[in-house]
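>>> my questions concern the predicted model and sequence given below.
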Amino acid sequence: MKTLKILVALSLFGLVIQPLSAQVELNKKRSKSFDDALNSTLVVNTEFADINLVNHTKSSIDINAEIRVKGEDKASAEKLLKNYDVILEKEGNEIRIETKTKNLINKGGSIEILINVKAPANIGLDMNAGYGDVNIAEIHGETNINVKYGSLKAAKLLHDGKDKPVKLNVQYCEPVTIGIVKNAELNLEYSKLKMTAAGVLKAHVKYAEAEFKNAVKLVVKGEYGSIQLGKISILQAEGKFSNFILNALKKRADIDMEYGGIVVSKILKSAESVDINAEYTTVSLAGLESTRLKGEARHTELQLPGWVNIDSSSFMEKTLSGGEGNTLINLEMKYGNLTITE
C-alpha cells in the first residue's frame, strides 16, 4: 500500500499526520503456522493492512505479519507502535486474522501493516478488509469478500455451490481486477472493475464502472453505471441512468433500460433472441449476422436499413418489422433514438 493512502485513511479517524517530519522507524512482527488446515475457513477482519494471499501445496496456513511505523522521534514511534497489533488465532475450524487498534489520536507519524498468507487453494474465505490493498491467488472453498477503500485483485474464485455463490461486496475501490469466477454475486459501488471470465454472475453496479469480458450467464443491474460487456452467451440486464456496451451476443439477451444507452456491436448467428424495452434511451444495434425484427417505437427517432418495414398508425407511433434471419429482435421503445446498421 502506498503510504500516502494509509495516511489519508488514518486522518479520517482524527490522526494528525506529518509524514515528512517522520525520522524514526520501528516495527514488530507476528507469525504463526496452522497445521491440518485443508478444510478450514480463513476469517479476515482488518483495517489499514495490505493482504497478500498466495497458494502452496502444504496442508498448513502460514501467516507472517509486520507492522511498520514512523515517528518524529523514538518516543512517538514507540507510542504509535503500541496502538496497533495483528492477532492470529484458531477457533474451531476458523483461522482468524484481525487487526487491533487503539488511541488513534496521535501527534504525527505513519503506519503500514503488511500481512502475507500462504494457504492451500481449497480453504474457505470470509474477508472484511478496509483501507488496504488485497491480493488473492486462488480459492476453491466458500467465499465471502467485503472490501472498502482500497483495491482488490483476485485471480480465481472457483467455489461452485449453486446455493452458496461467491459473494463480493466492493465499495470505493480502484483498481478491482478479478480473473475467473464460476458462480458469483457482485455488489459494486463507487469503484472500477475488470473481470475476465464468469460462469454465472449476478451483478449490481451502482455509481461504478465495470467490464465483464466473457460470461456464460450474466444478470446485471446498473444504476448510474457504465458497463462494458465482451462476449456474453445469456444476458439479463436492467438499468437506470446507465450505459451498456455489448461487443458480442452468442445466445439471447433481455434488456430493460430507462434514461441510458444500449450499444450492441455484434449479434451472432447463434443468437436466438434479443428483447429490448427502453425509455428515454439511445439504442444502437450493429453486426447483425442473421436477424428478423418486430417492435413498436413511440416518440423515437429512427435510423434503419432498407429491409426494415415501418407502419405508422399515427405520426408518433410506428410498428417495425422485417427480415427473415435466425435471431428475433423484439423492440419496445419510447422517447429515444434507434439506429440499426448491418
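It's in.
>>> for Ala184, which non-adjacent residue is spatially closest?
Once flanking residues are discounted, Ala184 sits nearest to Val166: 4.0 Å by Cβ to Cβ, 6 or more residues apart in numbering. Every residue, glycine included, has its C-beta placed from N, CA and C.
>>> no no, Lys100
Closest to Lys100 by Cβ to Cβ, 6+ apart is Asp85, at 4.5 Å.
>>> show me where the stretch 151-300 of the chain has helices.
With DSSP state H, counting those that start in this stretch as the criterion, the stretch 151-300 of the chain has no helices.
>>> contacting residues for the residue nearest to Ala184?
Applying Cβ atoms under 8 Å, 6 or more residues apart in numbering, we find Val166 in contact with 143-145, 157, 159, 181-185.
>>> contact partners for Lys153?
Applying Cβ under 8 Å, 6+ apart, the residues contacting Lys153 are 134-136, 175-178.
>>> pLDDT weak spots in the chain?
Scanning the chain for pLDDT under 70 picks out 1-22, 103-108, 315.
>>> which strand of it spans the most residues?
strand 166-189 (DSSP state E).
>>> list the buried residues of that one.
By 16 or more other Cβ atoms under 10 Å, the buried positions in strand 166-189 come out as 166-171, 173, 176-189.
>>> before we move on, the earlier item: verify the stated contact: the residue nearest to Lys100 with Glu98.
No: when contacts are counted by Cβ atoms under 8 Å, Asp85 is not listed as touching Glu98 (9.0 Å).
>>> for Ser270, see how far away the closest residue to Gly325 other than its chain neighbours is.
Leaving out its chain neighbours, the residue that sits closest to Gly325 by Cβ to Cβ, 6+ apart is Ser290, at 3.5 Å. Noted for Ser290: a distance of 9 Å to Ser270, by Cβ to Cβ, to the nearest Å.
>>> same thing with Thr57?
For Thr57 relative to Ser270 (Cβ to Cβ), the value is 41 Å.
>>> the two: who's more crowded?
Between Thr57 and Ser270, Ser270 has the larger neighbour count (other Cβ atoms under 10 Å), namely 14 against 6.
>>> which ones are touching that one?
Contacts of Ser270 by Cβ under 8 Å, 6+ apart are 250-251, 326.
>>> would you confirm that Ile136 contacts Ala154?
Yes: applying Cβ under 8 Å as the test, Ile136 and Ala154 come out as touching, 4.2 Å apart.
>>> give me the common contacts of those two.
Ile145.
>>> partner strands of the helix or strand hosting Asn146 and their direction?
Secondary structure assignment for Asn146, by DSSP states H and E: strand 143-157. Looking at strand 143-157 with DSSP bridges, its partner strands are strand 124-130 (parallel), strand 133-139 (parallel), strand 166-189 (parallel).
>>> which of the residues in it are buried?
Within strand 143-157, the residues scored as buried using 16+ other Cβ under 10 Å are 143-152, 154-157.
>>> among those residues, which pair sits farthest apart?
Tyr149 and Lys156 (24.4 Å; Cβ to Cβ).
>>> on that earlier part again, now, the contacts of Ser270 that are in strands?
250-251.
>>> which of the contacts of Ser270 sits closest to Glu342?
For these, the nearest to Glu342 is Asn326 (15.4 Å; Cβ to Cβ).
>>> the closest one against Lys269, yeah?
Yes: the pair Asn326 / Lys269 is scored as a contact, 5.8 Å apart, by Cβ under 8 Å.
>>> give the intersection of the neighbour lists for the two.
With Cβ under 8 Å, 6+ apart, Asn326 and Lys269 have common neighbours Ser290.
>>> comparing those two, which residue is more hemmed in?
For Asn326 and Lys269, the more surrounded residue by other Cβ under 10 Å is Asn326, and the numbers stand at 16 against 12.
>>> what bridges to Gly222?
Applying DSSP bridges, one finds that Gly222 bridges with Val205, Gly239.
>>> and stretch 113-128, how far apart are its ends?
Length of stretch 113-128, first residue to last, Cα to Cα, to the nearest Å: 15 Å.
>>> could you do stretch 89-100 as well?
First residue to last in stretch 89-100 (Cα to Cα) measures 13 Å.
>>> for that stretch, which positions count as buried?
So, applying 16+ other Cβ under 10 Å, buried residues of stretch 89-100: 95-99.
>>> mind putting these in JSON lines, secondary structure and distance to Ile67 included?
Below are those laid out as JSON lines (DSSP: H, G, I helix; E, B strand; the rest coil; distance: Cβ to Cβ, whole Å):
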{"residue": "Ile95", "secondary structure": "strand", "distance to Ile67": "20"}
{"residue": "Arg96", "secondary structure": "strand", "distance to Ile67": "17"}
{"residue": "Ile97", "secondary structure": "strand", "distance to Ile67": "13"}
{"residue": "Glu98", "secondary structure": "strand", "distance to Ile67": "13"}
{"residue": "Thr99", "secondary structure": "strand", "distance to Ile67": "9"}
